[in-house]
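Asks: Kindly generate the corresponding structure for this input.
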Amino acid sequence: MPEYKCFVCNKKVGDEYVRKRVRCPYCGSKILYKLRTAATKVVAR
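Replies: Here you go, the predicted model:
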């Protein structure tokens with residue numbers, strides 16, 4: 001299950017708010033982003 005954060009107030013937004021409509025329940029912002037769990041390293045050869 002992906003986690004989302006608000007870009008304005010930086011609070012975690014639950015998945016149930018993203019499915020209904022894309023809006024932060026805390027500040028009302030429409031800009032959310034999905035958190036990345038792990039960074040990937042690419043080795044150039």
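Asks: Stretch 20-31 spans what distance, first to last residue?
Replies: 15 Å (Cα to Cα, to the nearest Å).
Asks: what residue ranges in this protein score low on pLDDT?
Replies: 1 (pLDDT under 70).
Asks: which residues of it fall in strands?
Replies: Secondary structure of the chain by DSSP state E: the strands cover 4-6, 12-13, 32-34.
Asks: out of those, nearest to residue 40?
Replies: Closest approach to residue 40 among those (Cβ to Cβ): strand 32-34, 15.0 Å. Heads up, the C-betas are built off the backbone N, CA and C, glycines and all.
Asks: Partner strands of the closest one and their direction?
Replies: strand 4-6 (antiparallel) (DSSP bridges).
Asks: And the contacts of the strand it pairs with?
Replies: Applying Cβ atoms under 8 Å, 6 or more residues apart in numbering, the external contacts of strand 4-6 come out as 11-15, 18, 24, 26-27, 29, 31-35.
Asks: With stretch 8-19 instead?
Replies: Around stretch 8-19, the neighbours that count as contacts under Cβ under 8 Å, 6+ apart are 1-6, 23-27, 29, 31-32.
Asks: I'd like these as CSV, with neighbour count and distance to residue 41 appended.
Replies: Shown next, in CSV, are the contacts of stretch 8-19 (neighbours: other Cβ atoms under 10 Å; distance: Cβ to Cβ, whole Å):
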residue, neighbour count, distance to residue 41
1, 4, 25
2, 9, 21
3, 13, 22
4, 18, 25
5, 16, 23
6, 21, 28
23, 16, 35
24, 20, 32
25, 11, 35
26, 14, 34
27, 12, 35
29, 15, 32
31, 11, 28
32, 16, 27
